[in-house]
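Novice: got a predicted structure plus its sequence, pasted below:
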Amino acid sequence: MNLELAGKVAIVTGGDSGIGAAVCCMLAEEGVKIVVADRKDEKGTAMALEIQQRGGTAMFVRTDVSRRAEVNAMIAKTLQDYGQIDILCNIAGPGAQGGQLDTTEAELDRQLDGHLKGVFNCTQEVLPHMMQRRSGKIINMGSFTAYGATDGIPAYCAAFGGILAYSKSVARFAAPYNINVNTVSPGNIVTPMTTPWLSQPGVKEELLRQIPLGRLGEPEDVAAVYVFLASDRARHLVGTDINVSGGQLLC
C-alpha cells in the first residue's frame with residue numbers, strides 16, 4: 001500500500017531503540033525524513049546512521065523531552081534542516097518501577113516528567129507550526145496499563161492515564177486545523193526495556209496465558225499502527241486510542 005508519506009518530516013522521540021527505533025525505520029522505508037530525538041548520544045547517532053545506510057534521510061538531535069529548552073532547540077534544528085514538521089511521534093519515556101505501597105515520590109516525578117510532561121512539551125511546541133500550515137499528525141504513546149490492566153506500577157499507570165486524557169483534549173482543539181491527534185496503547189511488547197523483566201522465571205508463561213493471540217508483541221506490531229496513523233489513510237481518526245495487545249486488554 002502506498003501511504004504517500006515520501007518527503008514528509010517526522011520527529012520520533014525515544015527513537016533510539018525498541019518501539020521508537022521500529023517507528024523510525026518503518027517511516028523511513030516510506031520515504032519520511034526522520035529526526036531521532038533521544039537522550040542517548042551513541043544509540044541515537046547509530047539509529048540515524050542506520051537509516052542513512054539504508055538509503056533514508058535522518059539526523060539525531062539529543063533531546064530530554066522533559067526539558068522545554070531542549071525540546072525548543074530540537075524543533076528549531078528540525079525546521080532549520082528540513083523546513084517543516086509533518087509528523088510528531090511521542091514515544092520517549094522511562095520503564096516502570098515501584099508497587100502500590102513502595103512507589104516513591106521521586107519515581108512518580110520521573111514517570112510524569114518522562115512520559116506526560118514530555119508529550120505535553122513536544123506537542124505544545126509543535127502545534128503552532130502545524131496550525132500555521134493547517135496540517136499535521138501527532139501520535140502519542142499510551143499504554144494498556146492506563147485501563148487498569150495491572151494493579152502494580154501505579155506511577156506508570158498514572159502517567160499514561162494523563163497522556164490519554166491530554167491527547168483527547170488536544171485532539172479536539174487541533175482537529176479544526178486539520179491536525180490529527182491519536183494515541184497507540186501497546187500491551188506487553190518485547191523490547192530492550194522489557195526483556196529483563198520478561199526473562200524472570202514464569203513471567204512470560206503467565207503473560208502468554210493472558211493473551212488470546214498467544215504471543216507477545218514485537219516493536220513492529222506497534223510501529224505499523226504509528227505509520228498508518230501518520231498517513232492520510234487515517235485522516236478521519238481524531239482522539240482515538242488503538243490498543244495493540246493481542247487481545248490481552250479483553251481479558
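Specialist: Yes, it's here. This one's a predicted model, so the numbers in the text were calculated from it and none came from an experiment. Numbers count the residues shown, from 1 in each chain.
Novice: show me where the stretch 51-200 of the chain has its strands.
Specialist: Chain-ordered strands for the stretch 51-200 of the chain, with DSSP state E, counting those that start in this stretch as the definition, fall at 58-62, 87-90, 136-141, 179-186.
Novice: residues near the closest residue to residue 193 other than its chain neighbours, how many?
Specialist: Leaving aside its chain neighbours, residue 193 sits nearest to residue 95 (4.7 Å; criterion: C-beta to C-beta, 6 or more residues apart in numbering). Where you see a C-beta, it was placed from the backbone N, CA and C, and this is true even at glycine. The number of residues packed near residue 95 is 16, by other C-beta atoms under 10 Å.
Novice: right, and residue 95 touches residue 194 too?
Specialist: Yes. Residue 95 is in contact with residue 194 according to C-beta atoms under 8 Å; the separation is 7.5 Å.
Novice: spit out the contact partners of residue 174.
Specialist: Residues in contact with residue 174 (C-beta atoms under 8 Å, 6 or more residues apart in numbering) are 127, 130-131, 136, 138, 180-181.
Novice: rerun that using 7 Å as the cut-off
Specialist: By C-beta atoms under 7 Å, 6 or more residues apart in numbering, the contact list for residue 174 reads 127, 181.
Novice: please tell me how far it sits from residue 213.
Specialist: Here the criterion is C-beta to C-beta, to the nearest Å. By it, residue 174 lies 33 Å from residue 213.
Novice: please look at residue 45 and residue 60 and confirm they touch.
Specialist: Yes. Residue 45 is in contact with residue 60 according to C-beta atoms under 7 Å; the separation is 4.9 Å.
Novice: neighbour-wise, which of these two wins?
Specialist: residue 60 (23 against 16).
Novice: quick one: that one from residue 21, how far?
Specialist: In this view, residue 60 and residue 21 are 12 Å apart by C-beta to C-beta.
Novice: could you do residue 46 as well?
Specialist: Taking C-beta to C-beta, one finds residue 46 at 10 Å from residue 21.
Novice: higher neighbour count, those two?
Specialist: Between residue 46 and residue 21, counting by other C-beta under 10 Å, residue 21 is the more crowded of the two (26 against 16).
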